[in-house]
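>>> Need coordinates for the following:
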Amino acid sequence: MSGFVMADDPQRNFRSAYYEKVGFRGVEEKKSLEILLKDNPLDLEKLSTFSQRFPLPSMYRIHVWKVLLGVLPPHSDSHSLVGGYRKEQYQDIVESLEVMRYINSCTPFTHIYLCMFQLESQVLPRCSETLPP
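Below you'll find the predicted structure:
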């Protein structure tokens with residue numbers, strides 16, 4: 001991708017240093033990230049490298065991490081569809097745990113997430129093993 005500029009360009013380094021002095025830190029990095037996010041499918045290797053070298057702007061942080069962690073696919077066209085599937089999956093798992101009486105409306109989120117992980121990993125202990133005698 002020709003628009004992606006890395007730290008080897010002396011012109012870019014000069015501009016970045018100048019922008020930081022006048023209070024516009026990360027202007028060039030934000031432009032580079034926006035160029036990366038226009039690719040379809042997204043280049044996971046370049047996104048990963050970018051996120052290791054530069055701080056991600058807050059407006060893109062959640063989206064980039066969802067893609068890098070595999071929560072969303074690299075194909076941008078599918079993001080809203082897959083996001084909907086993920087919400088349905090979450091609701092199904094929570095409802096299942098409620099029916100099995102592992103969680104209820106007073107259960108802390110940390111415990112809910114633990115039970116969800118255990119159920120998905122097929123290591124959820126039996127109810128008799130989770131309740132104190």
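>>> What is the burial count for C115?
C115 has 21 neighbouring residues, counting by other Cβ atoms under 10 Å. C-beta here means a position set from N, CA and C on the backbone, and glycine is covered the same way.
>>> Check what pLDDT it gets.
Looking at C115, its pLDDT is 95.
>>> do the one 4 residues further on as well
For L119, the model assigns a pLDDT of 94.
>>> Name the secondary structure element that contains it.
helix 109-120 (DSSP states H and E).
>>> May I see the buried residues of that helix?
By neighbour count on 16 or more other Cβ atoms under 10 Å, the buried set for helix 109-120 is I112, C115, M116.
>>> I would like the residues contacting the longest helix seen in the chain, please.
Longest helix in the chain by number of residues (criterion: DSSP state H): helix 79-99. The contact list for helix 79-99, computed with Cβ atoms under 8 Å, 6 or more residues apart in numbering, reads V71, L72, P73, I103, N104, I112, C115, M116, L119, E120.
>>> For that helix, what does the pLDDT average out to?
On average, helix 79-99 scores 93.
>>> Buried residues, that helix. List them.
For helix 79-99, burial by neighbour count (16+ other Cβ under 10 Å) applies to H79, I93, V94, L97.
>>> now stretch 67-74
Residues of stretch 67-74 classed as buried by neighbour count (16+ other Cβ under 10 Å): V67, L68, L72, P74.
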